[in-house]
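Enquirer: below is the structure, and that's it, no one-letter string:
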């Protein structure tokens, strides 16, 4: 080592200095220039040796001081004669000082001290020095020769010892290295074996574990997936390896998935819940813990372990309740700690709440168990017995304590623990006293609950049988015995072996050989079976449930539940028939159902409701879309208000509203609904939905018929009024002028005039009667037409001529014109009387309501038809009255009917006669601007 090299170097340089000093002494060469050089060289060596020595102390300091000061003192005393001797002496002192520093031997210490005292004596005896200085030099030289031999031997001894130490050190180091190498080989083999075992255990864990274990890169691409884990979500590992995890996640979880990838890169670990889509489209919830793995220079990857907690999450709420109750029980427990001394007396008692004790803590200290519980001697005796038993056996014992001095009784559990002192002998105990009042109360509640459950099982409609893992009966009720004709009571069947029962009772079943086979299969599979139907030999039908009982992953037994469902199946069949009848009735009456679930935010429609809305059978309504079907305006406002009041105040509603279907058809519906509340909150609205369009149309037709009847009645009243006026007026004229004609003195001219008036009034009366008869014939369809071939041009010429001679024109300043644009050769086949009646009625109507101006008759050809137009410049017809001007007994100016005459049948008769021909009539008019009536006659015959 570096330290050994420095020691060798120091020894060699000291020996060199010694030899150099000796030569100078024998040759008496006093070269002053070499003395300082030698002094500096040897001083440096001495200081170097001292600095590397590991033991520095004030006890060694005197050696360095003496070895450095003596040469100065000798040189000062002896002068130049002894200079070489001083150097040589100093070298010797330096060498021995170094040896003493490195090898702290007693011999070297004594030699150094002797030499130092000798030199000091030479220095202190001035007489000896001053009298014989040459003798001193000679003696010193001789002494130094002896010392040289001693020093050489010492140096050789030191070198040999250093070499031996070095060899021993090397050998020791080699032995240590061999031991370390062997230990490393053993450790390496052990580590490799452990690593191999760990790898095998890991592979077995991955392939056999029921959890999802996988690895993926930092981009989320799956590298490996264990087969059981992949099977949980319905895949084979090969189907999803090298695919990104995002394809297994619902879309709404993609943002969380991106956050996970960023988090795992930064924080190395991540845990949480994740929803994964199964191959069949379902969803499973996993709790996962993932860790980022970095192996050397390889690419980092993530190792994940995910536990399927789908079912656990469903029970999470209930488990939380149980945990809260358990936590409440635990938090209510208070512990006391008691320390006893060797005399079995209370030494210390630690209690958080002293009020729970029946006396102060200080009252317990120093008392024995019997003295402390003197009020309960039986308990004290039992406690002392257990205390002595703990000291004897060294085993822990427990005892329950009941505090009867509190306002409410409390219970404690004392746990006695032995304390070993003075060897292995148990000399005293400590006691941990736990307040188990809550536990006792809980046990009582559980006992009561068990009793309640037992009573409940006894009173269940179905038969219950509970077996342990060896198929011995643990619980059975009376109903089970009744179902299988078992004469024994349930209490007599407790702990009975049921392994051969299936063979004994198989005759009770319709298929006796199948029953024990099925029982054995269910027991071997240990899988829950629900609602399995079994046919009995007597015609009954039973339903069976099998529920395996497991605890800590081990089978603890099973529960069998049998119930007779014969009546239920009959009722279900009857219910099915009733449902079918109800559906058929609903389909016929067009009554559907609807429901709005406000908890999950879904709307449900029946098939009839969808049919009324004219939507597809798979249409899924939403909360907003259902209201959008109602017609904008009053209907939509009414349903929105009704739903609001129903959800807020619970008011039911029954509305008739207009609906616009998905196909754009408008219809009437009846919406009936009511709300359901839970804990003051509306959870759903439901009701019926009926198509009442036919009913509304029927009601509308009834309303129209009623209005028509009322209008007809009103028109009848008007007609009767007009008729009485129109009939009374000519009759009064006839009667009046007839009385005048009775006067014999009446002149012949007057008589003739009055007779003409009577004739005219008779004609008017005849026209009224004819109109009534024609209208009656038209209404009943009894009127008959006798078409003849006529010349259109000639017909209208003659008809116009006869109409222009109407007496009513004489009293009015109006002009009547004919515009006959028809070819003289055009002929038509038509009833002449009816055509003349139509033209006459239209002309007379225009003349009646025109005081001045023009009444024009226009005849023209219109393709295969004849168009006849009667226009006037009269008072016109208001637009709002044009819709019913052609109705019977209606007049546009009913207030003028008395002054103008007529009973309101003329235009109605015209319209019906024209329609009888297959033609049409049109009206164009405006109030105060005259009217224009235009009708068409079909089937022109051209006689070219």
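Expert: Okay, I see it. Note that the coordinates shown come from a computational prediction; the quantities given were computed from them, not determined experimentally.

Enquirer: just checking: what are the partner strands of the helix or strand hosting residue 682?
Expert: For residue 682, the host element (DSSP states H and E) is strand 681-691. Taking DSSP bridges as the criterion, strand 681-691 sits next to strand 591-597 (antiparallel), strand 666-678 (antiparallel) in its sheet.

Enquirer: among those strands, which is the most enclosed?
Expert: Mean neighbours per residue, mean count of other Cβ atoms under 10 Å, is largest over the strands paired with strand 681-691 for strand 591-597, with a mean of 19. Yep, even glycine has a C-beta here, placed from its N, CA and C like the rest.

Enquirer: and the next element down the chain from that one?
Expert: That would be, after strand 591-597 and using DSSP H and E, strand 602-605.

Enquirer: partner strands of that following strand and their direction?
Expert: strand 591-597 (antiparallel).

Enquirer: list the contacts of the partner strand.
Expert: 585-586, 602-612, 623, 626, 673, 683-691 (Cβ atoms under 8 Å, 6 or more residues apart in numbering).

Enquirer: for the stretch 801-944 of the chain, which segments are assigned as strands?
Expert: 813-820, 826-830, 852-862, 865-872, 921-925, 931-937, 940-942 (DSSP state E, counting those that start in this stretch).

Enquirer: residues in contact with residue 391?
Expert: 418, 426, 427, 428, 429.

Enquirer: between those, which has the most around it?
Expert: When neighbours are taken as other Cβ atoms under 10 Å, the top entry among the contacts of residue 391 is residue 429 (22 neighbours).

Enquirer: how about the secondary structure of it?
Expert: Secondary structure, DSSP: H, G, I helix; E, B strand; the rest coil: residue 429 is strand.

Enquirer: gap between it and residue 413?
Expert: 15 Å (Cβ to Cβ, to the nearest Å).

Enquirer: run through the bridge partners of residue 244.
Expert: If you apply DSSP bridges, the partners that residue 244 bridges to are residue 221.

Enquirer: and it, how many neighbours?
Expert: Using other Cβ under 10 Å: residue 244 sits among 15 other residues.

Enquirer: for the stretch 301-450 of the chain, which spans come out with low pLDDT?
Expert: Scanning the stretch 301-450 of the chain for pLDDT under 70 picks out the ranges 317, 319, 322-334, 352, 404-407, 421-424, 450.

Enquirer: recalculate using a threshold of 50.
Expert: 326-327, 329-331, 333 (pLDDT under 50).

Enquirer: for stretch 276-287, buried residues please.
Expert: 276, 277, 284, 285, 286, 287 (16 or more other Cβ atoms under 10 Å).

Enquirer: nope, stretch 471-482 is what I was after
Expert: With the criterion 16+ other Cβ under 10 Å, stretch 471-482 contains buried residues 473, 475, 476, 477, 478, 479, 480, 481.

Enquirer: ok, so of those residues, who is nearest residue 792?
Expert: The closest of these to residue 792 turns out to be residue 479 (Cβ to Cβ; 103.2 Å).

Enquirer: on the pLDDT front, check residue 263 for me.
Expert: Per-residue pLDDT puts residue 263 at 88.

Enquirer: which helix or strand contains it?
Expert: Going by DSSP H and E, residue 263 is in helix 254-267.

Enquirer: per-domain residue ranges of this structure.
Expert: 2-174, 209-311, 320-440, 458-564, 572-689, 692-781, 784-942 (automatic domain parsing).

Enquirer: ranking those domains by mean pLDDT, which is last?
Expert: Among those, domain 2-174 carries the lowest mean pLDDT (a mean of 50).

Enquirer: nearest spatial neighbour of residue 886, chain-adjacent residues omitted?
Expert: Leaving out its chain neighbours, the residue that sits closest to residue 886 by Cβ to Cβ, 6 or more residues apart in numbering is residue 911, at 4.3 Å.
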